[in-house]
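> Provided below are the primary sequence and the corresponding predicted coordinates.
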Amino acid sequence: MVKQEYTGTGRRKCAIARVRLVPGKGKLIINNRTARDYFGNLPALEMKAFQPMVLTKKESDFDIRVKVYGGGICAQAEAIRHGISRALAPLDDENKTILRSEGLLTRDARVKERKKYGQKRARKRFQFSKR
């Protein structure tokens, strides 16, 4: 018996998530930990990561295994969401249209702007003294 598996790579800021969808009961495993354990007391991030499954009504069809690294916890949740969306898209054309209309297949290209010399940060200047 061949086990069907779908993969997708999600990115956001510096976070990169490798996602595998395997037929199962709907468990979300992130870096060998449950989603509740990984995101701690931030259920909004768990819901954000699981959003593509809810939109396509596939919550209990697949187990999701994720390896994620880089960035902060919020960027990681959004990278997971992007990876799940990319893994679900080839399953069905209807999935692709739903995910595309919600903007989940588009990579959010916004990243932190680099610091400039002679300034405190990317745009903030040092305090100006007239005298």
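Now that the structure is in, tell me what you want to look at.
> helix or strand right after the helix or strand hosting Glu78?
Secondary structure from DSSP states H and E places Glu78 in helix 73-88. Next along the chain after helix 73-88, taking DSSP H and E as the criterion, comes helix 93-101.
> give the buried residues for that next one.
For helix 93-101, burial by neighbour count (16 or more other Cβ atoms under 10 Å) applies to Asn95, Lys96, Ile98, Leu99. Where you see a C-beta, it was placed from the backbone N, CA and C, and this is true even at glycine.
> list just the nearest of these to Ile73.
Set against Ile73, the nearest of the buried residues of helix 93-101 by Cβ to Cβ is Leu99 (23.0 Å).
> doesn't Ala87 make contact with the closest one?
No - the pair Leu99 / Ala87 is not scored as a contact, 10.4 Å apart, by Cβ atoms under 8 Å.
> which strands or helices does the helix holding Glu78 pack on?
Under the contact criterion of 3 or more Cβ pairs under 8 Å, 6 or more residues apart in numbering; DSSP states H and E, helix 73-88 touches strand 6-12, strand 15-23, helix 43-55, strand 62-69, helix 93-101.
> quick check, distance from it to the centre of its chain.
Remark: helix 73-88 is offset 2 Å from the chain centroid, using Cα atoms, centre = their mean, to the nearest Å.
> okay, the angle between that helix and strand 6-12?
150 degrees (axes from the mean of the first three to the mean of the last three Cα atoms, to 10 degrees).
> distance of Thr97 relative to Leu105?
According to Cβ to Cβ, to the nearest Å, Thr97 and Leu105 sit 10 Å apart.
> most centrally placed residue in this structure?
In the chain, the C-alpha nearest the mean C-alpha coordinate belongs to Ala79, at 2.1 Å (Cα atoms, centre = their mean).
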